[in-house]
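> sequence first, then the predicted structure:
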Amino acid sequence: MIASSSHHISQFACRLAAVSMSLVFCSHSDADVHIARDGVSDIETVTCESAGQVIETVPHSEADVKRILAATPDAPLAGDRVEWTKMTLPSGIYLRAISMASADVGFAAGELGKVIRTTDGGETWQYVLNQGFPYYYYGCKAIDEDRVVISGFQNQTGEGIIRWSDDGGDTWGPVIALPGPTSIKWLAHVEFIDEDNGIVEAAWAGGVHRTTTGGQTAADWTYIEPSGSWFNGTFTFLPDKRVWLAGIDVVYSPDGGVNWSTLPSASPTFDGPIAILESSKGYIGGGTISPSVKGWVYGTTDGGSSWTPQPILNTPFPIRALMSLDDDRGWAAGGNIYTSIGGVWGTEDGGDTWQLELNTGNEMNDMDWVRFDAGHVDVYVAGYISQIWRARLDYPLWLPADINGDGVVDVLDLLELLSAWGPCPDPPQECPADLDGNGVVDVLDLLILLASWS
Ligand SMILES: [Ca+2]
Ligand SMILES: [Ca+2]
């Protein structure tokens, strides 16, 4: 069913126009978002733009997949400092989102109703859902190895939809349509900070749905429209409930999406993906595919209250996903399917310098990371077509109570603490067993150690 009368009229006008043209753009109620209907494949597409500068037209047809598969060369590695490895997965998937539940188990979702799963740490991926047209999934969040939610849209009804699995993707619950904007209801990325609190983007309406009750049914979600235009790319939802999304506007919520304010824009064109750490340091990116193909990243140290006056990174393709491990290590991924360009840029110094770590020759859309062991994390990037890459980085877990530095807190650390019992020696001698830094090794430090026992 068509969701609103204005939407219906727009579609009708497009159908008439499509008789003589394969792709026709019709003006929607919001001038920055355009709906069209492909006269050949009958897919409804939406374009996000501002003042004639376009960042994205989605979704894609089977013909797009065939053409891009034929055109994409094997991707060379950009350097040997960071080794990215291509994972093995089914061919022909327009991947939009990836989420790792653990070092072993993860999920990735894409267009034409496809979800794939790994159970071997990303090495291989297999289908757990393959609905086909008219289902498109642009968001995916694994809350744990069993519970995973996907978000997207139904291309015929125009509904924004989510779907849950409670058994690691073996079976899926009903397709749930979320009541939302009167314009374009389609959903993009989804994030949960715990099992109760989630946010899903109504990206093409500049809105969000939020839940504080797990989001299992449509009634668990509340719709809010902090922008009213469009958002693009990955967004941030921190455990402390701060939220940032960006597109035409940059919007911020301090409380899980209840209250919103508008922050300054970074780019004079428009913004897109946004990644902010708990320290309030972070990045915002964007780019265009028309009339020129290019991208950018700006930085912030105050949660987006202000941005660097100039880009800290300029790229030859739009940035669509941003992610930070800490204040120093971060990534910017993106690309453009229409010119077979894309990859991952990385920084190790908080955005002062960047290098192209991975040249995929195609569009990357989402990133995630997960701890592999006490000494390493796995970083993932996913995108078109059927591309998932993994980098395993040396990144030791910071355990203050790991006094002997072997990556675990155990009886050896306990013995060190007991042997250091009492007042700390005078500086510059170190006092590693004084875990709370109060100058004495005592029962308070013992409690900290026991609380972080491996
Ligand atoms: Ca230890
Ligand atoms: Ca102490």
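Thanks, I have the structure now. None of the values given here were measured: they were computed from a predicted structure. Ligands and ions are numbered 1, 2, ... in the order given.

> setting aside sequence neighbours, what's the nearest residue to the one residue in the stretch 251-400 of the chain that gets nearest to ligand 1?
Distances between the stretch 251-400 of the chain and ligand 1 by Cβ to the ion are smallest at residue 399, namely 7.4 Å. From N, CA and C alone the C-beta is placed, and that goes for glycine too. Distances taken as Cβ to Cβ, 6 or more residues apart in numbering put residue 409 closest to residue 399, at 5.7 Å, once the chain neighbours are dropped.

> touching, the residue of the stretch 251-400 of the chain closest to ligand 1 and residue 432? I think so.
No: Residue 399 lies out of contact with residue 432 (Cβ atoms under 8 Å); the separation is 11.7 Å.

> residues in contact with the spatially most central residue of the chain?
For the chain, the residue nearest the mean C-alpha position is residue 234 (3.9 Å; Cα atoms, centre = their mean). Contact analysis of residue 234 by Cβ atoms under 8 Å, 6 or more residues apart in numbering lists 189, 273, 274, 275, 320, 321, 322, 323, 366, 367.

> from what I see, residue 291 and residue 52 are in contact.
Yes: judged on Cβ under 8 Å, residue 291 makes contact with residue 52 at a distance of 7.2 Å.

> do you know the pLDDT at residue 107?
Looking at residue 107, its pLDDT stands at 98.

> Provide the strand pairings for the helix or strand where it lies, with the direction of each partner.
If you go by DSSP states H and E, residue 107 is part of strand 106-110. Strand pairing for strand 106-110, determined by DSSP bridges: strand 95-100 (antiparallel), strand 114-118 (antiparallel).

> immediately after the shortest one, which helix or strand?
Per DSSP H and E, the first helix or strand lying C-terminal to strand 114-118 is strand 126-130.

> now for the residue in the stretch 51-200 of the chain that ligand 1 sits nearest to: which residues touch it?
Closest residue of the stretch 51-200 of the chain to ligand 1, Cβ to the ion: residue 103 (20.5 Å). Counting by Cβ under 8 Å, 6+ apart, residue 103 touches 121, 370, 371, 372, 373, 378.

> closest one to residue 213 out of these, please.
Proximity of the contacts of residue 103 to residue 213 (Cβ to Cβ) peaks at residue 370, which lies at 26.3 Å.

> tell me what the strand or helix carrying that closest one is packed against?
In this assignment (DSSP H and E), residue 370 forms part of strand 364-373. Helices and strands touching strand 364-373, by 3 or more Cβ pairs under 8 Å, 6 or more residues apart in numbering; DSSP states H and E, are strand 95-100, strand 319-324, strand 330-336, strand 341-347, strand 376-383.

> of these, flag the one that's most buried.
Highest mean neighbour count among these (mean count of other Cβ atoms under 10 Å): strand 330-336, with a mean of 29.

> just to be sure, residue 397 is in a helix?
No: when DSSP: H, G, I helix; E, B strand; the rest coil is applied, residue 397 is found to be coil, with no helix at that position.

> need phi/psi at it.
Backbone torsions for residue 397, taken as degrees, to the nearest 10, come to phi -60, psi 130.

> tell me who's in contact with the residue lying closest to it once chain neighbours are set aside.
Leaving aside its chain neighbours, residue 397 sits nearest to residue 374 (4.9 Å; criterion: Cβ to Cβ, 6+ apart). For residue 374, the contacting residues are 396, 397, 399, 407, 408, by Cβ under 8 Å, 6+ apart.

> before we move on, back to that, any idea which of the helices and strands packed on strand 364-373 gets closest to residue 230?
Residue 230 sits nearest to strand 319-324 of all those, at 13.5 Å, using Cβ to Cβ.

> and that closest one, average pLDDT?
In this model, strand 319-324 has a mean pLDDT of 98.

> partners of that strand, with directions?
strand 330-336 (antiparallel).
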